[in-house]
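> can you look at this prediction? I've put the sequence above it.
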Amino acid sequence: MLVISLLALTGCAGSIERWIVNTRLHQGEIAMADGNAADAVLAYSLALRVSPDNVAARTGFVEASAEEAQILYTHGRFDEALAVITGGLRVDPNSVTLDALKSQIDDAKLKQEIVISNYPLYQRAGQELEQSYLRLNEANALIVRNIHRFGYTYDVADLTQAIKRSYQLQLEVQHDMNRLISYRQLVQTGGPQAVQAAPATSGSLLPLP
């Protein structure tokens, strides 16, 4: 009777374990389908706690880790991304995807250090440039709206307005392009003097008093 009871308990425990693992696997799949890699990593990690050798849980964990690390990387959160990659490599040390992403982030970190040393205010300047170019999209949308409006009003004033806005947009594009060129030079060379015009030469080669 004792042996039968132990077998029954063992079988019950096995069923509970399978249910937990399958539930976590399902949660991981749903999270990945919803684009929530962080929740997927958590779900698969919980499945691995119960069944460390489960192939589906290991595969899902590595894939979700790569996805979460990629998201963190694109938001500039390098250290967090590398931490996620380290966790994924513990499960699959031979993951080509994780290893390639790690190399990419390491390279980006090195380039970031160079940019920061050259131009510490690069981030703020870059954000301002992004906003400027987003405003160009808004200006372009107004031009399109004017042209579309003419299609049902047949009022030439709509086309005139579109032309005026086009001229203004052209000036703004040129202005932002010049700023973008200056920005590139600053992050490469490290000083505002890199984009200043060369001083006019005087008739004398002697230094000014």
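Nice, I can see it. As the structure is a computational prediction, the values presented were derived from the model and not from experiment.

> from here on, contacts and neighbour counts on C-alpha atoms
OK.

> how close does the residue positioned nearest the centre of the chain get to S132?
Geometric centre of the chain, nearest residue: T74, 1.9 Å, by Cα atoms, centre = their mean. From T74 over to S132 the distance is 21 Å, taken as Cα to Cα, to the nearest Å.

> what about the strand or helix carrying L129, distance to the chain center?
Following DSSP states H and E, one finds L129 within helix 122-153. Computed by Cα atoms, centre = their mean, to the nearest Å, the chain-centroid distance of helix 122-153 equals 23 Å.

> so that it lines up with my notes, have the first residue be 3 from now on.
Noted, 3 is the first residue going forward, which turns the last one into helix 124-155.

> what's the angle from the helix or strand that it is followed by to helix 124-155?
Following helix 124-155 in sequence order, the next helix or strand is helix 158-191 (DSSP H and E). Per axes from the mean of the first three to the mean of the last three Cα atoms, to 10 degrees, the angle that helix 158-191 makes with helix 124-155 is 160 degrees.

> and helix 158-191, what's buried?
Residues of helix 158-191 classed as buried: 160-161, 164, 167-168, 171, 174, 178, 181-182, 184-185, 187-189, 191 (neighbour count, 16 or more other Cα atoms under 10 Å).

> now swap in stretch 29-44 and tell me
Buried residues in stretch 29-44, counting neighbours by 16+ other Cα under 10 Å, are found at 29-34, 38-44.

> count of neighbours near F63?
Residues near F63, counting by other Cα atoms under 10 Å, number 28.

> quick one: contacts for it?
For F63, the contact set (Cα atoms under 8 Å, 6 or more residues apart in numbering) comprises 42-43, 46-47, 90, 93.

> keep only those of those residues that are in helices.
42-43, 46-47, 90, 93 (DSSP state H).

> of those residues, which is the nearest to R147?
The shortest approach to R147 among the ones in helices among the contacts of F63 belongs to A42, at 42.8 Å (Cα to Cα).

> by mean pLDDT, flag the weakest helix or strand of the chain.
Using mean pLDDT, DSSP states H and E, helix 4-35 stands out as the lowest-scoring helix or strand of the chain, at a mean of 76.

> quick one: which of the buried residues of helix 158-191 is nearest A127?
Closest to A127, out of all of the buried residues of helix 158-191 and judged by Cα to Cα, is Y185, at 7.6 Å.

> report the secondary structure state of G37.
Following DSSP: H, G, I helix; E, B strand; the rest coil, G37 is assigned to coil.

> low-confidence stretches in the chain?
Along the chain, the model assigns pLDDT under 70 to residues 3-15, 193-211.

> according to the record, where do the domains of it fall?
Per the record, the chain has its domains at 18-120, 124-197, by automatic domain parsing.

> winner for burial among these?
Greatest average neighbour count among these goes to domain 18-120 (a mean of 18), per mean count of other Cα atoms under 10 Å.

> if we can go back for a sec, of the buried residues of stretch 29-44, just say which sits nearest to Y154.
Nearest to Y154, judged by Cα to Cα, of those is N38 at 44.5 Å.

> got phi/psi on the closest one?
Dihedral pair for N38: phi -110, psi 80, per degrees, to the nearest 10.

> next: D36.
Torsion angles, degrees, to the nearest 10, at D36: phi -90, psi 0.
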